[in-house]
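Trainee: sequence and predicted structure are below.
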Amino acid sequence: MLISKKWLSQYMEISDLSIEEIAERITNAGLEVEGIEKGAQATNLVIGHVESCVDHPDSDHLHVCQVNVGSDTRQIVCGAPNVAAGQKVIVALPGAVLPGGEIKQSVIRGQESNGMICSLLELGVDAKSLNDQQKAGIEVLGDDATVGDPHVLEYLGLDDEILDVSLTPNRSDCMAAFAMAKETGAILDRKVTLPAYEGASKCGAPTQLKVASMSEKCPLYSGKIIREVTIKESPKWMKELLMASNIKSINNVVDISNLVMLETGQPLHFFDLDRLEKEEIVVRDDLTCKYTALDEVEYEIVPGDLMITVNGKPVAIGGVMGGENSKIVDETKGILIEAALFDHVSVRNTARRLNLNTDASIRYQKGIEPNAPYAAMDRAVQLLIEYADAKGIEETVYSAKWEVEPQAFDVDIDRINQLLGTKFSDAAMMDVLTRLDFAPTQNGRKIHVVIPTYRQDITMEADIAEEIIRIIGFDDLPSTMPVMPATVGALTKRQQLRRQLRELFTNQGYYEAETYTLIGEKELADAILPLDSHVTLASPMSEERKIVRTSILPSLLESAAYNLARSIKDVPLFEISSVYSEEIMQERLALVLCGSLQKSRWQKVETPADFYTVKGLVETMLATLGYSEGRVVFKENTMDTRHFHPYQSAEVYIGKTLFGIFGRIHPNMAKRYDMKDAVIGEFNMEVLLDSHPEKVKFTPISKYPSVSRDLAFVVDQTLPVANIIKSIRKCGKLGKENIIQEVEVFDVYEGEHVEAGKKSIALTITFQSADKTLTDQDINTIHEKVLDALRKDVNAELRA
């Protein structure tokens, strides 16, 4: 929101305050002033008169001008195409400092130049508020300009200071200058006097105009015909206020519509009455057509876009922009005024799709005061009568009855002090509420407030407490220690799990990633272990960020692909984050490994990105957390073979509960994410949080020697090796101790000397006791148990 000191000065006395003081007070009250801008920035200016202007002898575009600056006549070389003798102009004398630099006496192509004839752009005026002619050449001043007057900025109305106020989402009311003036007056404790315009539009003769809304997105549409207006230049004060808001002055009628929008916050649109086929307006949202707007660009209109139509044809895009076929021109004689309420979501969707963010659409998107159309119509009629000679005024027509009554409720004085931790007096509270126009009346320990309709953010007692403290000032809050129960500082089970996993994976060489929670349709389709439903944002910023993700891996794969595309060959990433459905939230862990996890070229050691590397990490993770081998089950992946390689992936269970899926990425999915290969996995951390791991106990290293024996068995080709290992491990009991410490597969063979349909599995069994040195008899006893168990459990034959 841009509002200038001159504009505020129209409503209250602030001449004793600097713009910096005003900015500080407004910021302290909760409306942050992001910057203070000058209407223009220049020194050593003077109004000059061009006595003569001739072409430069050595240039095809420069002019040599003799300019009377009051004290003398100076020669100035000027390159503006519109400079001419007889003009009154802005002259920057040598030594003047402009936004572009300092002006010095110089010689330009052999001709002496003692200053510069300036355009408004060169004084630092924002180009948005200038017309094409002003941007293309110097500024030609009016006949009332006094030659030699050094107060050029004052004459131009550019001696203003402009506040750039950042509004919080709940204070869209302050996009109206009238509301911002009331807010500033309350903050500064100054009496605010706004223009008297209420009821100005209630005049008018009977009319044939008809208005109607065929869309629920337009609950109110009001129209008013004025048969005669005079198109002319706007008064100086109006142009200055528009310029301070970076709005270009067009003519008095268009400028009035813009000014009223700035004052009341309600966008208006004026139609050229003679260019409308019928005096009948219908609001629709079912059109499919192409439409040329005021910016002379043709837009594609689709169902859902609010359109203002006459005789079935569009004349404006509702809440966004008017049309080329009904705009005000110099020949306009009569106008139709529109003041309407449009659904903010519909306007936002249309503006975003058309990439057409106008001053009107921005205000509709942020929210309009419910009764603003009436105030805007009154103010527009008042200004049109005064500055556009409006005649032939007809009565206002409405599409529906619409009126929002102010909210009224009681607040408790003691409760407010309790909420704030203060001891404000009754009088102090009544003073603040009066300054805010809340019409307070006190009854005992209660205050009855009536909230103006433009303050839609005030709905309950806590809001009143906030208003009181921000106006009085947060600096007046006493310093007190908060009252809260004493608790023992400790991490929750969820926090402990996150920290353990982060430490584990970073120690193994992984990098933690943080990716976007919002995704698009592509990532939703590639969800791993997807939830039953998903959440779609009602007003997404883009199509790529409109869905709350149900899986982490697609986002992590995009990060991996981004790094691979930039010649980073080894990409080990993990992420711990939450996924959401309409009903539940789950915390998950996702892994992506491309290239190598660990590598030493000098030592020729490498941990490659393959199925077994990630399987080992998963086993290490679960063992570290207290899940023994007996509780962890790896099964062939049959659940998801669209995203995972069907023969190099596995499902992980803790007991009978699915924990996650991991393995090599499916080639088709790898291609979609622009990568050659990767090992990926996603795991549901809620399973770990809901289960009860065993306590991880310290076991000292045995001081007795270990013994290893190699065995080779012939088994069915389809038999999982895990079944063999399980069968071996259950045979390790020697007394009360299990002496089988490790079973490691070191060879799998199929082919010559092995029967068809069979395979040879070679493995090493390591025996060790913590209490004694094992004898051959101890080992042979266990060895025979192993052979018997394998023959019985998996039909294994010892290979000769």
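Mentor: Okay, I see it. Worth saying up front: this structure is predicted, and the values here are computed from it rather than measured.

Trainee: centroid-nearest residue for the protein?
Mentor: Closest residue to the average C-alpha location of the chain: Met541 at 6.7 Å, with C-alpha atoms, centre = their mean.

Trainee: residue contacts, it?
Mentor: For Met541, the contact set (C-beta atoms under 8 Å, 6 or more residues apart in numbering) is empty. Using the backbone N, CA and C atoms, a C-beta is placed for each residue, glycine as well.

Trainee: how near is it to Ser581?
Mentor: 22 Å (C-beta to C-beta, to the nearest Å).

Trainee: go on, Glu587?
Mentor: Distance of Glu587 to Ser581, computed by C-beta to C-beta: 13 Å.

Trainee: out of the two, which sits in the busier spot?
Mentor: Neighbour comparison, Glu587 and Ser581: the larger count goes to Glu587, with 18 against 15 (by other C-beta atoms under 10 Å).

Trainee: and the host helix or strand of that one, how far out from the chain middle?
Mentor: Glu587 belongs to strand 585-594 when assigned by DSSP states H and E. Chain-centre distance of strand 585-594: 25 Å, with C-alpha atoms, centre = their mean, to the nearest Å.

Trainee: following that strand, which helix or strand comes up?
Mentor: Downstream of strand 585-594, the first helix or strand assigned by DSSP H and E is strand 596-600.

Trainee: name every strand pairing with that following strand and say which way it goes.
Mentor: Looking at strand 596-600 with DSSP bridges, its partner strands are strand 605-608 (antiparallel).

Trainee: and the spatially closest residue to Ala388 that is not a sequence neighbour, what is it in contact with?
Mentor: Among residues not flanking Ala388 along the chain, Val229 sits closest, at 4.4 Å (C-beta to C-beta, 6 or more residues apart in numbering). For Val229, the contacting residues are Val253, Thr332, Lys333, Gly334, Ile335, Leu384, Ala388, Asp389, Ala390, Lys391, by C-beta under 8 Å, 6+ apart.

Trainee: so what strands line up beside the strand holding Glu587?
Mentor: Going by DSSP bridges, the partners of strand 585-594 are strand 571-580 (antiparallel), strand 679-684 (antiparallel).

Trainee: just the mean pLDDT for it, thanks.
Mentor: For strand 585-594, mean pLDDT rounds to 95.

Trainee: how is the residue nearest to the centre of the chain assigned, secondary-structure-wise?
Mentor: With DSSP: H, G, I helix; E, B strand; the rest coil as the basis, Met541 sits in coil.

Trainee: picking that back up, please report how far the residue nearest to Ala388 lies from Gly70.
Mentor: 40 Å.

Trainee: try Leu537
Mentor: Distance from Leu537 to Gly70, by C-beta to C-beta: 63 Å.

Trainee: chain center to the longest helix along the chain, what's the gap?
Mentor: The helix spanning the most residues in the chain, taking DSSP state H as the definition, is helix 776-794. Remark: helix 776-794 is offset 67 Å from the chain centroid, using C-alpha atoms, centre = their mean.

Trainee: in terms of secondary structure, what does it contact?
Mentor: For helix 776-794, the elements it packs on are strand 707-716, helix 721-729, strand 733-734, strand 758-767, judged by 3 or more C-beta pairs under 8 Å, 6 or more residues apart in numbering; DSSP states H and E.

Trainee: out of these, which is closest to Asp414?
Mentor: Using C-beta to C-beta as the criterion, the shortest distance between Asp414 and the helices and strands packed on helix 776-794 is 70.9 Å, found for helix 721-729.

Trainee: buried set for that closest one?
Mentor: Across helix 721-729, burial judged by 16 or more other C-beta atoms under 10 Å covers Ile724, Ile725, Lys726, Ser727, Ile728, Arg729.

Trainee: against which helices or strands is that helix packed?
Mentor: Judged by 3+ C-beta pairs under 8 Å, 6+ apart, helix 721-729 is in contact with strand 740-749, strand 758-767, helix 776-794.

Trainee: is the residue lying closest to Cys174 once chain neighbours are set aside in a helix, a strand, or coil?
Mentor: Nearest residue to Cys174, sequence neighbours excluded (C-beta to C-beta, 6+ apart): Met180, at 4.7 Å. Three-state assignment for Met180 (three-state DSSP): helix.

Trainee: run a quick neighbour tally on Met180.
Mentor: By other C-beta under 10 Å, the residues close to Met180 number 27.

Trainee: and the pLDDT for it?
Mentor: 95.

Trainee: got the contact list for it?
Mentor: Met1, Ile3, Leu8, Val165, Cys174 are the contacts of Met180 under C-beta under 8 Å, 6+ apart.

Trainee: can you lay out these as TSV showing neighbour count?
Mentor: Formatted as TSV, the contacts of Met180 follow (neighbours: other C-beta atoms under 10 Å):
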residue	neighbour count
Met1	21
Ile3	23
Leu8	23
Val165	22
Cys174	23
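
Trainee: out of these, which is nearest to Val320?
Mentor: Distance to Val320 across these (C-beta to C-beta) is lowest for Met1, with 19.9 Å.

Trainee: isn't Ile739 up against Phe767?
Mentor: Yes: taking C-beta atoms under 8 Å as the definition, Ile739 is a contact partner of Phe767 at 5.1 Å.

Trainee: neighbour-wise, which of these two wins?
Mentor: Per other C-beta under 10 Å, whichever of Ile739 and Phe767 has more neighbours is Ile739, with 24 against 20.

Trainee: OK, contacts around Ser257?
Mentor: Leu268, His269, Phe270, Ala380.

Trainee: let me know the secondary structure of the nearest residue to the second one once chain neighbours are set aside.
Mentor: In this case it means His269. Closest residue to His269 apart from its sequence neighbours, by C-beta to C-beta, 6+ apart: Glu338 at 4.4 Å. On the three-state scheme (three-state DSSP), Glu338 is labelled strand.

Trainee: wait, Glu338 touches Cys218, no?
Mentor: No: if you go by C-beta under 8 Å, Glu338 and Cys218 don't touch, sitting 10.8 Å apart.

Trainee: quick one: which of the two has more around it?
Mentor: The neighbour comparison of Glu338 against Cys218 (other C-beta under 10 Å) goes to Glu338, with 26 against 23.
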